[in-house]
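Asks: After the sequence you'll find the predicted model.
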Amino acid sequence: MTQSLCVAGMQMHVTPDIPRNMLTLCRAIEQARDAGADILLTPEGSLSGYSHEFDAAQVKTALDKVLDTACHMRIALALGTCYEEADGLTYNQIRFYDCDGTFQGFHSKILRCGTMTDPTEGEINHFATSALRTFCVRGVVVGGLICNDMWANPACTPMGDSHLTHLLARQGAQVILHAVNGGRDGSDWARDVIWSYHETNLRMRARVDRLWIATVDNSYPPDVPCSAPSGVINPDGQWVCRAKPQGEQLFVHHFDMPTVSE
């Protein structure tokens, strides 16, 4: 038996303006519903903005509005946001919700970044992390990864590459939902080297562990290309759906997966 799953990803402008991000997310949920998607994947920090300095109360209020919209549209979410949990710690997360709004849990970024000049400074000091785990979406086992979790850029992380895609495959994951918000400056290095490094990692890791990978990046500022391609890669490491390298865009891909019980 196989289980049908339709994944939408919103390559969107992620800004420090939480109400603006909320409105973009609500529009994306409507678009995903109209396209027949089961779940919407959004970039790293897509609600809060990509920063540990955010208004936690404002994020919670905005999250309620996004969830109300998703429940009304019957769309599950893999929502990228920074979030302050009840334990008082701040996490860089993908929050997983069923189409009825039930909270499944979150993946928190594990391979947190330093700065390009000092790998021991930066978000490594601001975000907590948690154990790697999987989730279930319409009978399909999925794992979440955030940006550097996928490619372990040696220029900005003090941690070694633990090959999290391989670990998720061992836990039974069939699909990786990957939320990205990569640094970029429009330079030749960013376009020719960093973009290629990101894409090669995505394709290689999908092929090695026979995984589907859906990945989506931040597109803000709009006049600079994204740091990595957005779209869907099959277990052969080939693109089956791909967004333009610049600007906001919703992509959707429908595929059949073995059910969890198989």
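Replies: Noted; the coordinates are in hand.
Asks: State the phi and psi torsions of the nearest residue to P19 once chain neighbours are set aside.
Replies: Spatially, and ignoring its direct neighbours in sequence, P19 is nearest to A62 (6.7 Å; CB to CB, 6 or more residues apart in numbering). (C-beta placed from N, C-alpha, C; glycine too.) When quoted as degrees, to the nearest 10, the phi and psi of A62 stand at phi -70, psi -40.
Asks: And the pLDDT for A62?
Replies: A62 is assigned a predicted lDDT (pLDDT) of 98.
Asks: One more: the one 10 residues further on?
Replies: H72 is assigned a pLDDT of 98 by the prediction.
Asks: what secondary structure does it sit in?
Replies: helix (DSSP: H, G, I helix; E, B strand; the rest coil).
Asks: Contacts only, for G36.
Replies: Contacts for G36 were tallied using CB atoms under 8 Å, 6 or more residues apart in numbering; they are C6, V252, H254.
Asks: For the second one, grab the count of nearby residues.
Replies: When neighbours are counted by other CB atoms under 10 Å, V252 registers 18.
Asks: so which strand or helix has it?
Replies: If you go by DSSP states H and E, V252 is part of strand 249-258.
Asks: which residues does the most centrally placed residue in the chain contact?
Replies: The centroid of the chain falls nearest to A179 when counting by CA atoms, centre = their mean (1.5 Å). Going by CB under 8 Å, 6+ apart, A179 touches 41-44, 46, 78, 80, 94, 144-147, 216.
Asks: I'd say T81 and L67 touch.
Replies: No. Using CB atoms under 8 Å, T81 is not in contact with L67; the gap is 11.7 Å.
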